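Visitor: could you look at this predicted model? Sequence included:
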Amino acid sequence: MTLLSFNDVDLSFSRYDGLLTAREIPILKRISFSLKCGEVVALIGASGGGKSLIAHALFGILPPNALIRGDIRFDGQRVDDGSRPSLLGRRMALVPQSISHLDPLARCFQQLRWAARRAGLRVNDAALVAMLTHFGLDARAAQAFPHQLSGGMARRMLMAIATVGNPDLIVADEPTSGLDDDNAAIVLSKLKSMADAGKGVLLITHSLATALAYADSVCLVRQGRVEGVERAEAFEGCGQGLSSDYARALWHALPQNGFRVTGDA
Amino acid sequence: MVELEQRHSLEPLVLPRMGNRIWTLAAALSGIVLILLIPVASALMGQAGIAPDFAARLLPPDWAHWFGTDQMGHDLLARTIKGLRTSLLVGLLASCCSVLIATVLALVATAGGRWADALVSLLVDATIGLPHLVLLILICFALGGGPVAVTVAVALTHWPRLTRILRAEVLQIRQADYVVSARHFGKSWVAITFTHILPQILPQMLVGLVLMFPHAILHEASLTFLGFGLDPTRPAIGVMLSDSMRYLTAGKWWLGLFPGLCLLLLVLSFDAVGNGVRLILNPRTSQT
Amino acid sequence: MLEAQNICFRYRAKSPVLDSVDLAVHPGEIIGLTGPSGAGKSTLGRILAGHYQPASGRILVDGIFHPPGFNPVQYLHQSPVFAVDPRWTIGRIISEAWQPDETLRQAFGVSPAWFDRYPHEISGGELQRVALLRAFAPQTRYLIADEISAQLDPLTQAQIWSVLLKQAESRRLGVLVISHDMPLLRRVAQRIVTI
């Protein structure tokens, strides 16, 4: 079942040239992809290429001068300002990039409680503690302030808070940035296990190698366009199973493969 | 671009909020026009409002004298405009000096090491800590009154707030990676100050200047009102307001009302201009 | 030779980040530096480049302390966008360090069309090339490349490194490559140091 689909979504920013004349600067062009339940889809692209904006568009947190066209559907329902409030936190959740998205003055457990209440849940503390344990977080982590957590723990805390409402779709924006390999592996396998439990996971990352290890399919974004959607298994050998030249060029450019400079970019 | 235009039929999911950009800019523009009108009108009026006309003393507003006349038979409209022009001049000079002082102190505080920073902080705290008006009166009195004394007094009392803002800003810029890079390309701090730091804080300085203006003008008027500022024979808003006190009880309401309203209008104009400048120069609001 | 001798470093009131670290980079040598996050890789890089003063120990550049003026040890950032003045054009940004000739500009794939644009108007990969070209001034003898390709796609990463390695070799620059990406280090470095 298709959980999330982007159909020809354009995104541009309006910038003022003069005092009153605005110019439209296209950022994303005709973004189309879809995601099914039980699947991890990775959005891959260079930093600053607008991948995160795809998530921001979905969650309605774009800056005010952004202009978006096209159709975003969640579970068959059009996502817009009207339908979004009933979806956020309850049916879809965003795991943000950094600890700065937590309230620095409140203990983590309190923030988890708030998130549960925002999602309209009536859960007792025991259930929340169980949930933290599930993410490998103990009582000390629960009572800590955000800045007292290590990078890996903070990322798991963000995931716990985002998924407390038991959403169907989890969007993780660069969940491994700043983490060493061990912690990154913990976070990513957590995401993978959520997909195995029937959720949809959208993984936004700049690292092809990371994505390939955990994703089912990979959506390659370059200069605001989708350059190809590939199955993760197709990235093997000489890349003969890949459908786009760009995907093949990326595959060969990985240091663990050829580290070869091919293609036009 | 072309492609986007063709797809306008699709209903946008999110409309960009246009904000109050148009209103803010329109207000700023009217502010500028009003402010510029003052020196122009003042020049066009020549001697009106300065030469006394004892045949027309204390006339209420009518078509010949829109704002009425005062106890010496001066046309109040002309006198108000002349007074505002003086205020503008004093305000401009004093604000420029204040911004200059603030900038220099901010640079000294950030570049001069721990002692310089402590000294500047002490100066800022001391100046903010003293009652504003007392300090103004003290300086003005010590310098013997008159336009120069007022300008100096206002200039010497309005820099602390901006100094604080600029100091924080400069500190941040000095830590920025591009400044560190420039250092390691062998650039001196003096060169970096002129090429990286000053251009970066210029918007802050400009907004600071414009928003300091109304303060300067109001303080000039208060000093003059209290009798420590400009001398009473010259047209000045403060003089006019203090003169009007004696006639208010006699029902001569126009003597205080119109000059006071005009002063308020001028202050509001500067506020509007300041908001406009801030809207355009602040990267966070410039696109909304 | 760029030498770190017995370097110790701590941030205020914290346990030391670096404790008696020794490292040497010879001209023409490319050394990989890796380690878990928080181990002080970047800190060591910045100390070597003279950005931070170590609590104890010393840095010698070809036998002497960091001289004033143009630093022969240039530091390259993970995000070049922070290392350039956002209000400057690309042309001015490059010329702040030196005036590269036509051949070198082409070798780095820096287009003259960018010269009157601002940093946010070109892509991250393009800006990283600009930062590289800027750091390749004649006085530069060592480069500290701190995760310079971590945020780029594999293709751009391969391009950047192919240019950098070729130019560093022809100039016999010593390069310290800081990265957590082991496959990358195995590709580019002659020797890998773990802290």
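Guide: Yep, it's here.

Visitor: can you show me the helices along the stretch 1-150 of chain A?
Guide: Listed in chain order, the helices of the stretch 1-150 of chain A (DSSP state H, counting those that start in this stretch) span residues A:51-59, A:84-87, A:108-118, A:125-134, A:139-143.

Visitor: how about CSV for those, with distance to chain C, mean neighbour count and mean pLDDT added?
Guide: The way it works is simple: take the backbone N, C-alpha and C, and place the C-beta from them, glycine included. Output for the helices of the stretch 1-150 of chain A, formatted as CSV (distance: least, C-beta to the nearest C-beta, whole Å; neighbours: other C-beta atoms under 10 Å in any protein chain shown; pLDDT from 0 to 100):
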stretch, distance to chain C, mean neighbour count, mean pLDDT
helix A:51-59, 11, 21, 89
helix A:84-87, 29, 14, 87
helix A:108-118, 20, 18, 89
helix A:125-134, 23, 14, 88
helix A:139-143, 17, 15, 88
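
Visitor: out of these, the one nearest chain B is which?
Guide: Nearest to chain B among the helices of the stretch 1-150 of chain A is helix A:51-59; the distance by C-beta to the nearest C-beta comes to 7.7 Å.

Visitor: quick one: list the elements packing against the closest one.
Guide: Taking 3 or more C-beta pairs under 8 Å, 6 or more residues apart in numbering or on different chains; DSSP states H and E as contact, the helices and strands that helix A:51-59 lies on are strand A:2-16, strand A:22-36, strand A:40-44, strand A:66-74, strand A:92-95, strand A:169-173, strand A:200-205.

Visitor: still on that earlier bit, now the helices of the stretch 1-150 of chain A as a markdown table including distance to B:V180?
Guide: Compiled in a markdown table, the helices of the stretch 1-150 of chain A are given as follows (distance: least, C-beta to C-beta, whole Å):
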| stretch | distance to B:V180 |
| --- | --- |
| helix A:51-59 | 27 |
| helix A:84-87 | 42 |
| helix A:108-118 | 35 |
| helix A:125-134 | 41 |
| helix A:139-143 | 36 |
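
Visitor: so who does C:L2 touch?
Guide: By C-beta atoms under 8 Å, 6 or more residues apart in numbering or on different chains, C:L2 lies in contact with C:A24, C:V25, C:L48, C:I59, C:L60, C:V61, C:D62, C:V73, C:R141, C:Y142, C:G174, C:L176.

Visitor: what's the closest of the helices and strands packed on helix A:51-59 to chain B?
Guide: strand A:66-74 (4.9 Å).

Visitor: how close does the closest residue to chain C within the stretch 101-250 of chain A get to chain B?
Guide: Nearest residue of the stretch 101-250 of chain A to chain C: A:D180, at 4.2 Å (C-beta to the nearest C-beta). Relative to chain B, A:D180 is positioned 24 Å away (C-beta to the nearest C-beta, to the nearest Å).

Visitor: again, but for C:V193
Guide: Distance of C:V193 to chain B, given as C-beta to the nearest C-beta: 23 Å.

Visitor: assign that residue to helix, strand or coil.
Guide: Here C:V193 is strand, with the state taken from DSSP: H, G, I helix; E, B strand; the rest coil.

Visitor: could you double-check that it lies in contact with C:E29?
Guide: No: using C-beta atoms under 8 Å, C:V193 makes no contact with C:E29, being 11.5 Å away.

Visitor: residue contacts, the most centrally placed residue in chain A?
Guide: Most central in chain A under C-alpha atoms, centre = their mean is A:A172, positioned 2.9 Å from the mean C-alpha point. Under the criterion of C-beta under 8 Å, 6+ apart, the neighbours of A:A172 are A:V95, A:M159, A:L191, A:V201, A:L202, A:L203, A:I204.

Visitor: hmm, try it at 10 Å
Guide: Residues in contact with A:A172 (C-beta atoms under 10 Å, 6 or more residues apart in numbering or on different chains) are A:40, A:42, A:55, A:93-97, A:155, A:158-159, A:162, A:187-188, A:190-191, A:194, A:201-205.

Visitor: not counting sequence-adjacent ones, nearest residue to it?
Guide: A:V95 (4.3 Å; C-beta to C-beta, 6 or more residues apart in numbering or on different chains).
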